[in-house]
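# Task: produce atomic coordinates for the following.
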Amino acid sequence: MRINLLSSFAAGILLTTSICSVVYLTNDHVSKNTKVTDKTITVQPSVKEMEKKLVAKGYIVQKKADFDKKESTTKQTAKETTTKKAATENDKPSKTVVTVNVTEGMTSFDVGKMLIPSKIVSDAFEFSQIIEQRGLSNKLRPGTYVVDTEMTFDQVLSTIFK
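Residues are numbered from 1 along each chain as shown. Next comes the predicted model:
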């Protein structure tokens with residue numbers, strides 16, 4: 001009776017598998033309400049989602065109009081502040097005093113551009129790279145800083161990047 005029970009079980013499994021195979025192979029695999037396309041769908045995050053992600057990573061996000069407005073204000077301020085000079089002392093050549101007005105959103109490259117007319121810095125991009133190499137790029141804070149041409153490069157950095 002044991003062999004009869006086992007053969008009955010095997011016959012049931014074989015019959016079930018055969019029925020499932022016939023149903024599977026005769027079906028279209030696609031329901032009537034589903035459309036299959038070869039196009040890849042890409043989902044773009046919204047502008048607000050992108051802004052949130054950038055702010056969360058430490059970036060400053062601003063619109064182009066706001067940036068252009070700040071840029072023009074910065075250029076005007078830079079022209080006004082880079083032309084100040086101090087009086088001579090003890091037969092030394094005159095030193096140029098520069099007031100650097102750092103506003104929110106400015107980078108080390110912008111500061112370098114402000115220091116070029118007074119010959120404290122020769123290249124703004126090179127100045128920016130040195131700041132990044134020394135790890136000072138996160139230490140730039142808004143404010144007004146006074147530097148002059150007699151200061152060493154390290155003194156200028158320690159004054160502006162506290």
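
# where in the protein is pLDDT low?
Along the chain, segments meeting pLDDT under 70 span 1, 28-38, 78-94.

# What is the neighbour count of residue 51?
Look at residue 51: counted by other C-beta atoms under 10 Å, it has 14 neighbours. C-betas here are computed from N, CA, C, even on glycine.

# Apologies, that question was intended for residue 139.
Neighbour count for residue 139, taken as other C-beta under 10 Å: 14.

# Also the one 4 residues further on?
Around residue 143 there are 11 other residues, counting by other C-beta under 10 Å.

# Across the sheet, point out what pairs with it.
Beta-bridge partners recorded for residue 143 (DSSP bridges): residue 102.

# how close does it get to residue 26?
According to C-beta to C-beta, to the nearest Å, residue 143 stands 78 Å off from residue 26.

# Residue 75 too?
75 Å.

# same check, this time on residue 149
As judged by C-beta to C-beta, residue 149 and residue 26 stand 89 Å apart.

# Which one's more surrounded, the two?
residue 149 (17 against 7).

# Please report phi then psi for that one.
Dihedral pair for residue 149: phi -70, psi -20, per degrees, to the nearest 10.
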